[in-house]
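1. structure of the sequence below:
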Amino acid sequence: MRSEYGKVRNEKKRHASRYSAALCLCLYSFLTLLNSFPAPAHAAPGDVRLFKAPQARSAQLRIHGSTDIENFAAVIADYQRLHPGTEVEYSDLVAQDIYTHHLAAGRGRVADLLISSGMDLQTKLANDGHALAHRSPATVGLPAWSHWRHEAFGISYEPIVIVYNKRLLPVARVPHTRRQLLALLRDPAAPLVGRVGTYDVARSSVGYLLATQDHQLGSMAGALQAALGDNRVRLEERTGALLDRVTRGELALAYNVLGSYAQARIDAGAPLGIVLPEDYTLVLLRTALIPRTAPNAAEAGRFLDYLLSPRGQAMLAQQVGLQPIRAADGAPLSPHARDGARVRALRPIPLGPGLLVYLDALKRRQFLEAWRSTVQPERKAAADAP
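-> Purely as a prediction, here's the structure:
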């Protein structure tokens with residue numbers, strides 16, 4: 001049986017001519033996930049790959065991205081078919097490193113384009129004056145919710161899901177809401193002790209973003225957090241590491257995982273199942289930003305236009321497994337929902353200044369202290385010991 005995530009991929013898409021400020025209706029397109037997903041990626045953080053120009057080099061482009069090289073390579077190759085004189089260097093970095101590398105760019109190599117799942121950090125870079133505005137025919141027709149000030153651009157949607165090992169967790173016990181997950185974590189039989197995983201929010205910027213969103217949206221976030229700690233939750237910085245552990249059976253379940261990566265594993269034969277939580281399913285935008293200091297800003301703008309073009313959006317869907325911002329004909333997606341319950345459960349994370357709240361140094365410190373005290377009580381006790 002296909003996972004929830006896979007079952008909904010073939011539902012029909014519709015287009016609308018008017019766009020509401022409420023993004024959740026637009027995000028019904030998640031329920032029509034495409035059929036072609038890549039094989040699992042295994043690039044190590046910090047890997048750099050040079051894609052030489054197929055013809056005599058006439059342009060250069062340096063990208064820092066949080067999408068695995070193995071997945072994104074096909075997108076770069078397709079771009080080079082259109083622009084064979086462009087040499088592309090791609091650095092595979094976690095979202096936090098994309099941010100910090102840019103701020104330290106005076107001591108290293110400056111990127112021309114930043115593509116990150118850390119939409120809060122991208123927003124902060126734009127807010128702090130590090131982004132170059134970009135307007136073109138490819139961006140003018142985008143709905144307002146998919147960019148901020150024409151400086152940070154959403155290039156794809158990403159659902160946040162629960163992933164479980166189908167060999168370890170019977171269907172009847174699979175949680176479909178956070179309340180059900182909390183009950184499973186509190187089960188006296190302790191089926192998930194040492195066998196549940198999530199992001200280490202102190203190391204993973206995406207994990208931190210999702211955890212803070214949980215606390216804003218969910219009344220039981222604190223209780224769920226404490227229950228994860230009681231079950232000796234396993235923490236990882238990257239999605240791939242979490243999925244590896246669930247696939248191998250070291251973990252029975254992982255919470256708050258990037259859905260496209262999980263579906264790629266399933267399509268490659270991994271014994272995984274996916275749940276889009278029915279109480280609410282967080283949705284983030286993978287965003288692109290051209291730094292103001294980019295040495296090759298014009299080429300970065302051309303690549304961004306390609307990503308937002310029908311051809312580029314199709315490549316992101318087929319080769320990377322990301323839900324596109326735009327439909328095949330180039331129009332922004334805003335289908336009318338037939339599955340109202342699913343659409344009501346979608347909770348898009350708005351792109352804009354609201355994302356800066358938990359990046360405040362004091363708020364971040366307070367949040368992390370509270371998180372450690374519940375999720376890692378033994379580590380906090382050791383740190384507080386005289």
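
2. can you map out the strands along the stretch 151-300 of the chain?
-> Assigned by DSSP state E, counting those that start in this stretch, the strands in the stretch 151-300 of the chain fall at 152-165, 196-199, 234-236, 253-258, 272-275, 281-289.

3. mind giving me the packing neighbours of the second one?
-> Using 3 or more Cβ pairs under 8 Å, 6 or more residues apart in numbering; DSSP states H and E as the contact criterion, the elements in contact with strand 196-199 are helix 205-217, strand 234-236, helix 239-248, strand 253-258. Just so you know, the C-beta spots here come from the backbone N, C-alpha and C atoms, and that holds for glycine as well.

4. ok, and what's touching the third one?
-> Counting contacts by Cβ atoms under 8 Å, 6 or more residues apart in numbering, the residues outside helix 239-248 that touch it are 40-42, 68, 163-165, 197-199, 234, 236, 251-254, 257-258, 261-262, 265, 270-272.

5. out of the helices and strands in the chain, which is least certain?
-> Between all helices and strands in the chain, the lowest mean by mean pLDDT, DSSP states H and E belongs to helix 23-26, at a mean of 44.

6. and after that helix, which helix or strand comes next?
-> strand 48-51 (DSSP states H and E).

7. next, the angle strand 281-289 makes with the next helix or strand after that following strand.
-> The helix or strand immediately downstream of strand 48-51 is strand 59-65, counting by DSSP H and E. With axes from the mean of the first three to the mean of the last three Cα atoms, to 10 degrees defining the directions, strand 59-65 sits at 150 degrees from strand 281-289.

8. okay, whichever helix or strand comes after strand 59-65 in CSV with CA atoms only?
-> Using DSSP H and E, the helix or strand that follows strand 59-65 in sequence is helix 69-82. Presented in CSV, the C-alpha positions along helix 69-82 are these (Å, rounded to 0.1, in the frame of the first residue of the first chain):
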residue,chain,number,x,y,z
ILE,A,69,24.0,17.5,-5.1
GLU,A,70,22.9,14.2,-6.5
ASN,A,71,19.3,15.5,-6.8
PHE,A,72,20.2,19.0,-8.1
ALA,A,73,22.8,17.8,-10.6
ALA,A,74,20.2,17.0,-13.2
VAL,A,75,18.7,20.5,-12.9
ILE,A,76,22.2,22.1,-13.5
ALA,A,77,22.8,19.8,-16.4
ASP,A,78,19.5,20.9,-18.0
TYR,A,79,20.4,24.6,-17.5
GLN,A,80,23.7,24.0,-19.2
ARG,A,81,21.9,22.5,-22.2
LEU,A,82,20.3,25.9,-22.6
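
9. in helix 69-82, which residues are buried?
-> With burial defined by 16 or more other Cβ atoms under 10 Å, the residues of helix 69-82 counted as buried are Ile69, Glu70, Asn71, Phe72, Ala73, Val75, Ile76, Asp78, Tyr79, Gln80.

10. ok, the fifth one touching Phe51?
-> Yes: because the distance of 7.4 Å satisfies Cβ atoms under 8 Å, Ala73 is recorded as touching Phe51.

11. name the residues contacting each of those two.
-> Common neighbours of Ala73 and Phe51 (Cβ under 8 Å, 6+ apart) are Tyr90.

12. so what does the most centrally placed residue in the chain have for phi and psi?
-> Ranked by distance to the mean C-alpha position of the chain (Cα atoms, centre = their mean), the top residue is Ser117 at 4.4 Å. The phi/psi pair for Ser117 (degrees, to the nearest 10) reads phi -80, psi -10.

13. what distance do you get for it to Ala144?
-> Counting by Cβ to Cβ, to the nearest Å, the separation of Ser117 from Ala144 is 21 Å.

14. and Leu307, by the same measure?
-> 19 Å.

15. restricting to C-alpha, output stretch 345-353 in PDB.
-> The C-alpha coordinates for stretch 345-353 follow below in PDB (Å, rounded to 0.1, in the frame of the first residue of the first chain):
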ATOM      1  CA  ALA A 345      -4.900  20.800   7.700                       C
ATOM      2  CA  LEU A 346      -2.200  22.500   5.600                       C
ATOM      3  CA  ARG A 347      -0.400  25.300   7.500                       C
ATOM      4  CA  PRO A 348       1.900  27.200   5.200                       C
ATOM      5  CA  ILE A 349       4.800  29.100   6.800                       C
ATOM      6  CA  PRO A 350       4.400  32.700   5.500                       C
ATOM      7  CA  LEU A 351       7.400  34.200   3.800                       C
ATOM      8  CA  GLY A 352       8.100  37.500   5.400                       C
ATOM      9  CA  PRO A 353       9.200  39.400   8.500                       C
END
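
16. mind listing what's buried along that stretch?
-> Buried positions in stretch 345-353, judged by neighbour count with 16+ other Cβ under 10 Å: Ala345, Leu346, Arg347, Pro348, Ile349, Leu351, Gly352.

17. what's the closest of those to Val94?
-> Checking the buried residues of stretch 345-353 against Val94 with Cβ to Cβ, the nearest one is Ile349 at 18.1 Å.

18. check contacts around the residue nearest to that closest one when sequence neighbours are not counted.
-> Nearest residue to Ile349 in three dimensions, chain neighbours excluded: Leu284, at 4.9 Å (Cβ to Cβ, 6 or more residues apart in numbering). The neighbourhood of Leu284, defined by Cβ under 8 Å, 6+ apart, consists of Ser117, Met119, Tyr157, Glu158, Ile160, Val206, Leu209, Leu210, Pro348, Ile349.

19. report pLDDT for Leu284.
-> Per-residue pLDDT puts Leu284 at 89.

20. likewise Met1?
-> Met1 is given a pLDDT of 41.
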